[in-house]
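Colleague: need a 3D model of the following:
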Amino acid sequence: MAYISTEDVKMIRNALKAEMPQYKFSVVRDHHSSVTISMMKGPAFAEFEYFDRYTHEYKKGTLGQNDGYDQINTYHTGDFYGKENAAIFDKIVKIAKTAGEKKWYDNSDSMTDYFDTAYYVHLNVGKFGKDYEVVEAA
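Modeller: Okay, the predicted model is just below:
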């Protein structure tokens, strides 16, 4: 059963702050089973090309174009957000899975409807109602 403690969330928050000081994060525990990491402030993201599933064509995009925030699909970062941005997101997810005392694992088997993971990691750029703030490098 997925579970993450307050101490593990605190360790993730401190590790993100130490390893990625150019960004400001909001790191919260969500329903005892997941950690939600929202990137709140930092450098601008690179422009990327994405596939619009409604018009069936490739378009240029930037993060934050959807009402000022984006929910990041952590399983397909390279396909959806470009290689530069994917490197940032993958690093955040790696930190989230290794920083706490609890060892992260995933023994799930969707074919038998069996889900067993240490905890879930959700990643956002900005929050609903509070946009990601772009800060120029000093």
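Colleague: excluding chain neighbours, what is closest to the spatially most central residue of the chain?
Modeller: In the chain, the C-alpha nearest the mean C-alpha coordinate belongs to L123, at 2.3 Å (Cα atoms, centre = their mean). Spatial nearest neighbour of L123, excluding adjacent residues (Cβ to Cβ, 6 or more residues apart in numbering): I72 at 4.2 Å. C-beta: built from backbone N, CA, C; applies to glycine.
Colleague: and that neighbour, how many neighbours?
Modeller: Look at I72: counted by other Cβ atoms under 10 Å, it has 23 neighbours.
Colleague: need the per-residue pLDDT for it.
Modeller: Note for I72: predicted pLDDT of 91.
Colleague: list the contacts of stretch 107-118.
Modeller: 1-4, 102-106 (Cβ atoms under 8 Å, 6 or more residues apart in numbering).
Colleague: so, low pLDDT: which residues of the protein?
Modeller: Residue ranges of the chain with pLDDT under 70: 64-67, 137-138.
Colleague: quick one, strands of it?
Modeller: For the chain, the strands defined by DSSP state E cover 24-30, 34-42, 48-52, 57-61, 70-72, 120-125, 133-134.
Colleague: which one of the ones you listed lies closest to F80?
Modeller: strand 48-52 (6.0 Å; Cβ to Cβ).
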